[in-house]
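>>> Give me a model of this one.
(one chain, ligands or ions: 4)
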Amino acid sequence: MSPHVTSSSFKYFLIPLLILAASLFPLPTFVSRSATRLFQLTQHFYPSSPTILHRSPNFSTNRSIATMAYDKELEVALLAVQRATLLTKSVFSSHSKGTLTKSDASPVTIGDFGAQALIISSIKHAFPEDEVVGEEDADDLRKDSSLRELVWELVQAAKLEDSAAEDKIGGPIASSDAMLDALDKGNSAGGRKGRIWALDPIDGTKGFLRGGQYAVCLALMVDGVPTVGVLGCPNLPVDDKAPLDASIGADADSGEGKGVLFSAVKGQGAASRPLGKGALQTSNPISMKSITNMSDATFCESVESGHSNHGDQANIASKLGITKPSVRMDSQAKYASIARGAGDVYLRLPFAKKYEEKIWDHAAGVVIVQEAGGEVTDAWGKPLDFGIGRTLKENNGIVGAPKALLPRVLEVVKEVLSAKE
Ligand SMILES: Nc1ncnc2c1ncn2[C@@H]1O[C@H](COP(=O)(O)OS(=O)(=O)O)[C@@H](OP(=O)(O)O)[C@H]1O
Ligand SMILES: [Mg+2]
Ligand SMILES: [Mg+2]
Ligand SMILES: [Mg+2]
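Ligands and ions are numbered 1, 2, ... in the order given. Now for the predicted structure:
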């Protein structure tokens, strides 16, 4: 038998048969683990036609063979992000946030360093072979012992209240040196092959500092495709139906009814659950709002006028017939908000063509929006390419919307951008 025939039989006959058998009969753990491996294998064999894997948004409440893939990755990511938000919230309520200015003039705080160290240590505990593209590194802490001490105290104090949950993410970091090493393991160059996590320990650091929206963001990319995404948003309302108004970005300090964990796994739908302090709370499926009339849409944009072009975005909204004012909020809380139908359209048009968006600013939000029934492309309608390194250097600007609305939004975006060229 030729190698081609052998590989085809394996691909088209043996794997589907084994998966069918695995889903029909109750199996001992070791067999079901093998089934999970098999399932992951099929993702390599059927990269573009995942008919047996891809379910409608909100599939997550149904248990089946499909939900077994990435179960552990999702649980570890949720717990790691939840633990990191204990740290960021404690920094927010303390006097000093230990703010430094990075070489690109953007701020970084002891919260960013501590959250990155905790999350990478969780990932490395559960998946030692995986790489991480993280925003921060330990250079500043290695140079400044008092700053290092501040972060180390925070890291030691950030503990989930449920010991089984803590164990799943490896428990406390062993020493201050181990903390620095974990922080530095966010140095992957990214790429198109294998399993790479994208981590933004605090996205919207400026929002975090002013008590507005921020998000702890973590995504697993498999062969360059965002596959598991988690966003911890301590200042968003727990209620998925809460109206989105302009005040959401201004003074959203964590309090009663605030704090949400959003998540998605490719092919399994998107969900939200209250952000807790211990074991994971029950999740609810989320989906984008189905609006038929563009004039009913709400669009979300950055607070910082330097991060996206508010003028072009207002022009686009008016050409689309959108009459409601934009909702401005920092961070990937924007993606989370459109994914649960609190807003509808995400616009991030560039000021400068040379700015390269960072993969950690988008990977988690993109998979959550996709799984909630939306799509995200660049401003010219090109798919976002997460597989070429630490930035989206082949893309320019970002647009996200419910699938049915995206073509019309892109038409107007291109019209406005072309008129400037
Ligand atoms: N010039 C420019 N253009 C576009 N984006 C930039 C730019 N400079 C910085 N950044 C990145 O913006 C991230 C935060 O942007 P957000 O849209 O989330 O929030 S806001 O702009 O502050 O409202 C921010 O993420 P954090 O650093 O994690 O806060 C940056 O990665
Ligand atoms: Mg930053
Ligand atoms: Mg960011
Ligand atoms: Mg950040």
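>>> ok, the residue nearest to residue 339 when sequence neighbours are not counted to ligand 2 distance?
Leaving aside its sequence neighbours, residue 339 sits nearest to residue 372 (C-beta to C-beta, 6 or more residues apart in numbering; 3.9 Å). Any C-beta I mention is one placed from the backbone N, CA and C, and that applies to glycine too. Distance, residue 372 to ligand 2, by C-beta to the ion, to the nearest Å: 26 Å.
>>> cool, residue 190 as well?
Plainly put, residue 190 is 17 Å away from ligand 2 if you go by C-beta to the ion.
>>> Residue 409 too?
The value you get for residue 409 to ligand 2, if C-beta to the ion is used, is 27 Å.
>>> tell me the SS of that residue?
When classified by DSSP: H, G, I helix; E, B strand; the rest coil, residue 409 comes out as helix.
>>> From what I see, it and residue 345 are in contact.
Yes: with contact defined as C-beta atoms under 8 Å, residue 409 and residue 345 form a contacting pair (6.0 Å).
>>> shared neighbours, those two?
Shared between the contact lists of residue 409 and residue 345 (criterion: C-beta atoms under 8 Å, 6 or more residues apart in numbering) are residues 399, 401.
>>> count of residues packed around residue 100?
Residue 100 is surrounded by 16 other residues when neighbours are defined as other C-beta atoms under 10 Å.
>>> you'd agree it is up against residue 106?
No: if you go by C-beta under 8 Å, residue 100 and residue 106 don't touch, sitting 9.9 Å apart.
>>> Just the helices from the stretch 101-250 of the chain, written as ranges.
When secondary structure is read from DSSP state H, counting those that start in this stretch, the stretch 101-250 of the chain shows helices at 110-126, 139-143, 145-157, 163-168, 176-184, 205-209.
>>> Can you lay out these as CSV showing mean neighbour count, distance to residue 233 and mean pLDDT?
As requested, the helices of the stretch 101-250 of the chain are exported to CSV (neighbours: other C-beta atoms under 10 Å; distance: least, C-beta to C-beta, whole Å; pLDDT from 0 to 100):
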stretch, mean neighbour count, distance to residue 233, mean pLDDT
helix 110-126, 27, 13, 98
helix 139-143, 16, 26, 97
helix 145-157, 17, 20, 96
helix 163-168, 16, 19, 98
helix 176-184, 20, 23, 98
helix 205-209, 22, 11, 92
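>>> what's the nearest residue to residue 344 if we skip its chain neighbours?
Nearest residue to residue 344 in three dimensions, chain neighbours excluded: residue 297, at 4.1 Å (C-beta to C-beta, 6+ apart).
>>> now residue 148
Nearest non-adjacent residue to residue 148, counting by C-beta to C-beta, 6+ apart: residue 141, 4.3 Å away.
>>> Grab the nearest non-local neighbour of residue 219.
Of all residues not flanking residue 219 in the chain, residue 363 sits nearest, at 3.6 Å (C-beta to C-beta, 6+ apart).
>>> Just checking, which helix or strand of the protein averages the lowest pLDDT?
Within the chain, no helix or strand scores below helix 29-45, which has a mean of 40 by mean pLDDT, DSSP states H and E.
>>> how about residue 261, phi and psi?
Its backbone dihedrals place residue 261 at phi -110, psi 120, with angles given as degrees, to the nearest 10.
>>> show me what contacts it?
With C-beta under 8 Å, 6+ apart as the criterion, the residues that contact residue 261 are 78, 81, 82, 230, 231, 232, 233, 272, 273, 274, 275, 280.
>>> just the angle between the helix or strand harbouring the second one and helix 145-157, please?
By that I understand residue 81. Assigning secondary structure by DSSP states H and E places residue 81 in helix 71-92. Put simply, helix 71-92 runs at 130 degrees to helix 145-157, going by axes from the mean of the first three to the mean of the last three C-alpha atoms, to 10 degrees.
>>> counting contacts, what elements does helix 71-92 pack onto?
When contacts are defined as 3 or more C-beta pairs under 8 Å, 6 or more residues apart in numbering; DSSP states H and E, helix 71-92 sits against helix 110-126, helix 145-157, helix 163-168, strand 195-203, strand 215-222, strand 225-237, strand 258-265.
>>> could the ones you listed be laid out in CSV, adding distance to residue 72?
As requested, the helices and strands packed on helix 71-92 are arranged in CSV below (distance: least, C-beta to C-beta, whole Å):
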stretch, distance to residue 72
helix 110-126, 7
helix 145-157, 24
helix 163-168, 9
strand 195-203, 12
strand 215-222, 11
strand 225-237, 10
strand 258-265, 11
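>>> contacting residues for the residue positioned nearest the centre of the chain?
In the chain, the C-alpha closest to the average C-alpha coordinate belongs to residue 364, at a distance of 1.7 Å (C-alpha atoms, centre = their mean). Neighbour list for residue 364: 198, 200, 217, 218, 219, 226, 229, 230, 231, 332, 335 [criterion: C-beta under 8 Å, 6+ apart].
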